[in-house]
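Asks: Need coordinates for the below:
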Amino acid sequence: MVNVILKAFNKYRGGLTMDEAFRDRDIGTCISINDSGTLPTFPAKKHVWIPARQLRDCKYPDVDWTKIPVPDEELIDRMRNCENQFMLMIERYARVADIPYLERKRQYLEHLRYWNHLLDKEKIDLFLLFHAPHQCYDYVIYELCKLKGIKTLSLEHCYSVDGIFVQEDYEKSTVELIPAMQKVREEYKDPNKEIPLWPSFDAYFKAASTRGDRPKIVVTRPKHLQQGSFFAKWWGRSIDLLKRSPGRFFWAVISPEKWTRKLNQHRTALYYDANVDENLDLEKPFVYVPLHCQPEESTAPRGGAFIHQELMIQMLAALLPPGVMLYVKEHPGQGELFRSIKFYKFLLQYPNVRFVPRPLDTFQLIRNSKAVATVTGTAGFEALFMGKPVFMFGHRFYQYAPGVHQIRTTDDCKKAVEAIFTRHEAPQSREIRMFLKAIQDICVHYYEKPFIQAEIDGQDDQVRELGRYIRKITEPLFL
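Replies: Below is the predicted model:
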């Protein structure tokens, strides 16, 4: 009998995936964490639903804390890295007001206490997530499972080519790509042998490498943030808030802290715009650095220490050859939160750092660059198809691709700089096509966000295939 926790497999298709994965299997306790109240239909001795919203808010309304063991010093020490990441990750819930250190600590210890007890009490064997852990409480569960030897599986999404993987460790990411790539290289070592791809993969390869076409999803800056004046920016949003929630509106109007935060955020955005270089020379050698939108899974936890993106930029600024510039562009989806004037000022101390005007096309910057630097961003994946090498500072499936230099240490960065600027190494088109073939060989073709009717019509079959994929991977637990 196997006991499982399912995270974010909700609504119709999440349930369909789980039913395909666990039908006719001996399930004891099945705990489903989601916002929809969905419980899978496969049989289990006990089904439990826990609302994800209350966990994000660190609310355990029905818990008798007097009956739950307190974490001891040994457990707290062994989970110290988890605590450090949690204290940064919780920033995603500080959108309205800052969460003081002691409150962050209280929430962490409460999550740690509850889930340490529950994992033992329910004898959990498997923790399965629809995405990498990134919502604080799920990260605590993930790290506790690793500590206790409980199998953890999470889905890794490759949105660019509509693929999905199952991974055990988000830092190692999709390690199956290593042998898959070796196999493809051996099979297609004859340069004249054609490398077949699924139609959608082939279309992406041709679009990205030949024409540089836009992907299906392009993030644009919200219209209200394009306004130059503070009141023009927030007037319409304020009216909407007044209509939806008069209480919250009047609280915001009379709150000095709210006004202070909003004005500081506004000044921060204006500071970036005031310090862009309107006359960027794209003929000069440069490394393109598209900043990540924060807070998001792409940096917390996938970025590790480089959740602080300034560390990435500072390291590169110090190690790049003389005359090579760093062109830094703010993410179009980044609002006015989670940046500061100090953040931007610190970067501008380096003489080879320039800020890119927001409207400048990111694909033009990739094409003209010598390399792209990113934590885990899609821009790095896109750069490979244009023959551009990548400095990668985080953990993502394409860390195993030809032309990607994974950076953990200063020495890693020095070696990457030498490879790119001294030996002039760059990814070759055939190698990247092989990498797509390796992805195709191990992933499930999965339309996360279908755009046309054919994709919508085929989605249920893909969902079932994903369930069968998970079923195969989890088979050893049931033997």
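Asks: now the strands for the chain?
Replies: Along the chain, the stretches classed as strands by DSSP state E are 2-7, 27-34, 46-51, 126-129, 151-158, 163-167, 286-290, 325-329, 353-355, 371-374, 390-392, 404-406, 444-445.
Asks: Show me how the record splits this protein into domains.
Replies: Domain assignment for the chain by automatic domain parsing gives 2-162+446-478, 277-295+304-434.
Asks: The shortest one spans what distance, first to last residue?
Replies: Distance between the two ends of domain 277-295+304-434: 38 Å, counting by CA to CA, to the nearest Å.
Asks: repeat for the longest one
Replies: Taking CA to CA, the span from the opening residue of domain 2-162+446-478 to its closing residue is 7 Å.
Asks: can you check stretch 170-185 too?
Replies: Termini of stretch 170-185 sit 25 Å apart (CA to CA).
Asks: Give me the buried stretch members for that stretch, please.
Replies: For stretch 170-185, burial by neighbour count (16 or more other CB atoms under 10 Å) applies to 170, 173, 174, 176, 177, 180, 181, 184. Yep, even glycine has a C-beta here, placed from its N, CA and C like the rest.
Asks: Make a markdown table out of these and add distance to residue 354 and pLDDT.
Replies: Formatted as a markdown table, the buried residues of stretch 170-185 follow (distance: CB to CB, whole Å; pLDDT from 0 to 100):
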| residue | distance to residue 354 | pLDDT |
| --- | --- | --- |
| 170 | 33 | 95 |
| 173 | 31 | 93 |
| 174 | 35 | 93 |
| 176 | 39 | 96 |
| 177 | 35 | 97 |
| 180 | 39 | 98 |
| 181 | 36 | 98 |
| 184 | 39 | 98 |
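Asks: Show which residues not belonging to stretch 450-462 make contact with it.
Replies: Contact partners of stretch 450-462, identified using CB atoms under 8 Å, 6 or more residues apart in numbering, comprise 13, 16, 216, 444, 445, 446, 447.
Asks: Give me the buried subset of those residues.
Replies: Here, 16+ other CB under 10 Å leaves 13, 16, 444, 445, 446, 447 buried among the contacts of stretch 450-462.
Asks: Among the residues you listed, which one lies nearest to residue 165?
Replies: Residue 165 has its nearest neighbour among the buried ones among the contacts of stretch 450-462 in residue 444, at 7.8 Å by CB to CB.
Asks: is it true that the closest one touches residue 465?
Replies: Yes: using CB atoms under 8 Å, residue 444 makes contact with residue 465 at a distance of 5.3 Å.
Asks: any idea how far the spatially closest residue to residue 132 that is not a sequence neighbour is from residue 255?
Replies: Spatial nearest neighbour of residue 132, chain neighbours left out: residue 170 (4.4 Å); criterion: CB to CB, 6 or more residues apart in numbering. The span separating residue 170 from residue 255 equals 37 Å under the rule CB to CB, to the nearest Å.
Asks: I figured residue 466 was touching residue 444, is that so?
Replies: Yes: Residue 466 is within contact range of residue 444, at 4.8 Å (criterion: CB under 8 Å).
Asks: Pull up the overlap in contacts between those two.
Replies: Here residue 466 and residue 444 have residue 164 as joint contacts, going by CB under 8 Å, 6+ apart.
Asks: Which strand residues bridge residue 445?
Replies: Partner residues in beta bridges with residue 445, using DSSP bridges, are residue 163.
Asks: quick one: it from residue 166, how far?
Replies: For residue 445 relative to residue 166 (CB to CB), the value is 14 Å.
Asks: what's the burial count for residue 189?
Replies: Counted with other CB atoms under 10 Å, residues neighbouring residue 189 total 9.
Asks: measure it to residue 240 for me?
Replies: On the measure of CB to CB, residue 189 and residue 240 end up 59 Å apart.
Asks: ok so, going back, tell me which of the buried residues of stretch 170-185 fall in helices.
Replies: Residues of the buried residues of stretch 170-185 located in helices (DSSP state H): 177, 180, 181, 184.
Asks: wait, the third one sits on residue 399?
Replies: The reference is to residue 181. No: applying CB under 8 Å, one finds residue 181 not in contact with residue 399, separated by 11.8 Å.
Asks: doesn't residue 302 make contact with residue 132?
Replies: Yes: counting by CB under 8 Å, residue 302 is a contact partner of residue 132 at 6.5 Å.
Asks: Now the common contact residues for these two.
Replies: Residues touching both residue 132 and residue 302 (CB under 8 Å, 6+ apart) are residue 170.
Asks: Much appreciated, bye for now.
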